[in-house]
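[1] here's my sequence, what's the structure:
(one chain, ligands or ions: 1)
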Amino acid sequence: MHEPMKIKRCEDALRMLAAHLDGELDEANHAEVERHLARCKSCYSRAEFERRLRAKLTEVGRVEPRSEFQSRIRHLIERYAGGEPTSD
Ligand SMILES: [Zn+2]
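    Purely as a prediction, here's the structure:
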């Protein structure tokens, strides 16, 4: 049994925001984020912005924004990691 993450700072809330919007958090963490958003105006408007952005992206494209972003990052990492031979 693991304890839900306690949100003390906006940073913590924002770190969980993506998972929160994707519905990937368990109930306790979900409630924790909701509680912070209810109290924190800046995080709330950030969450609203992300939510609207997601809705729009889902509406417009077939490409999932998050996985596209991730594959782009992976591509960059592979490029840089593969570029230089490791000296042993
Ligand atoms: Zn906040």
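[2] so who does residue 30 touch?
    With contact taken as Cβ atoms under 8 Å, 6 or more residues apart in numbering, residue 30 is in contact with residue 20. Using the backbone N, CA and C atoms, a C-beta is placed for each residue, glycine as well.
[3] helix or strand for it, just tell me which one.
    Residue 30 is part of helix 27-39 when elements are defined by DSSP states H and E.
[4] report the buried residues of that helix.
    29, 30, 32, 33, 36, 37 (16 or more other Cβ atoms under 10 Å).
[5] so where's the chain shaky on pLDDT?
    When the per-residue scores of the chain are filtered using pLDDT under 70, the ranges that remain are 1-3, 62-66, 83-88.
[6] residues from it in reach of the ion?
    The chain comes close to the ion at residues 10, 13, 40, 43, as judged by Cβ under 5 Å from the ion.
[7] pull the CA atoms of the helix or strand residue 76 falls within into CSV?
    Element membership of residue 76, judged by DSSP H and E, is helix 65-83. As requested, C-alpha coordinates have been extracted for helix 65-83 and formatted as CSV (Å, rounded to 0.1, in the frame of the first residue of the first chain):
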residue,chain,number,x,y,z
PRO,A,65,0.0,14.9,-28.9
ARG,A,66,1.8,13.2,-26.0
SER,A,67,3.1,10.2,-27.8
GLU,A,68,4.2,12.3,-30.7
PHE,A,69,6.1,14.5,-28.4
GLN,A,70,7.7,11.5,-26.7
SER,A,71,8.8,9.9,-29.9
ARG,A,72,10.3,13.2,-31.0
ILE,A,73,12.3,13.3,-27.7
ARG,A,74,13.3,9.7,-28.1
HIS,A,75,14.5,10.4,-31.6
LEU,A,76,16.6,13.3,-30.3
ILE,A,77,18.1,11.2,-27.5
GLU,A,78,18.9,8.4,-29.9
ARG,A,79,20.6,10.8,-32.2
TYR,A,80,22.8,12.3,-29.6
ALA,A,81,23.5,9.1,-27.7
GLY,A,82,24.3,7.2,-30.9
GLY,A,83,26.4,10.0,-32.4
